[in-house]
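below are the sequence and a predicted model for it; my questions follow.
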Amino acid sequence: MIELQDLSFSYGPTVPVLRHVNFSMDNGHCAAILGNNGVGKSSLLKCIVRILKPQSGHVLIDRTDVFSLSTEEAAKKIAYVAQNAHSSDLSVFDTVLLGRRPYIRWDATDRDKKIVVELLERLGLKHLILRSLSQLSGGEAQKVLLARALAQEPKLLLLDEPTSNLDPRNQHEVMQLIREIAQKEKICVLTVLHDLNLAIRYCDRFLLLKDHTVYASGGLDCMTPETIEQVYGMHVHRIETMGIPVIVPFPDVVPATGAQEGG
């Protein structure tokens, strides 16, 4: 379980980025962090993973404050895949093996290597095991970075725009994989997304930010047209087709107060 308690962060005294953010979710769920550009979504992930230090508030994983953990302990609990992660000339195997660093003392053990191979098999990447990461397609490289994060055996997986620069097929494949990971591994997944339809199709929890704070949070029931319109300043309808919820945007229509769902 992850809990964000009254989390605030700013760049100096005059540039607030996050204000009094509260949110919680249980293991086995995938949450989308949503909101306009510049509202603090990526900064929120960086505060959770301790790249940035909040001015106030707490980040708890299973009731333990992450800022009380050693670097090694934190790496065993939190895995982070940054936006536009740089490619490298490391092989796919060695890239994923890097995820085992918190557990390796002198050299990688047979268990470490077995975990890497099993992850590559599970993600359909074993045929690429000796290829350089820089030689892979965007979708393949994204899966390798996911595998590296999973090799940490984290309690919390943080993803910053994992579908950016991917074609539609790979976007859905990666999001299906992320949802499956959350459910099967019983971990918390927090992912920043811009595509509302990917979010409502593959995530079951939502954190919507506006004016650097939480505007709404919860399950699918909080993703109403009214809420989305207030957060994004854009008129939308929410419909369902073949059992799949769909957000239909109308960017040229001024949002109307009291808009009805699907209307």
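Good, I have the coordinates.

ok, the nearest residue to residue 215 once chain neighbours are set aside - contacts?
Nearest residue to residue 215, sequence neighbours excluded (C-beta to C-beta, 6 or more residues apart in numbering): residue 208, at 4.9 Å. C-beta coordinates here come from the backbone N, C-alpha and C atoms, glycine included. Residues counted as contacts of residue 208 (C-beta atoms under 8 Å, 6 or more residues apart in numbering) are 34-35, 214-217, 222, 227-228, 231.

just the buried ones from those, in ChimeraX syntax?
A single ChimeraX command selects the buried members of those (16 or more other C-beta atoms under 10 Å):
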select :34,35,214,215,216,217,227,228,231
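
among the contacts of residue 208, which are in strands?
Assigned to strands by DSSP state E, the following of these qualify: 34, 214-217.

out of those, the closest to residue 129 would be?
residue 34 (35.8 Å; C-beta to C-beta).

circling back to that earlier point, for the residue nearest to residue 215, report the pLDDT, please.
What the model reports for residue 208 is a pLDDT of 97.

so it sits in a strand?
Yes - counting by DSSP: H, G, I helix; E, B strand; the rest coil, residue 208 is part of a strand.

farthest-separated two in the contacts of residue 208?
214 and 228 (14.7 Å).

measure the residue nearest to residue 169 when sequence neighbours are not counted to residue 96 for me?
Nearest residue to residue 169, sequence neighbours excluded (C-beta to C-beta, 6+ apart): residue 139, at 7.9 Å. Distance, residue 139 to residue 96, using C-beta to C-beta, to the nearest Å: 16 Å.

same drill for those two, tell me which one is more crowded.
Neighbours were counted for residue 139 and for residue 96 using other C-beta atoms under 10 Å; residue 96 has more, 27 against 17.
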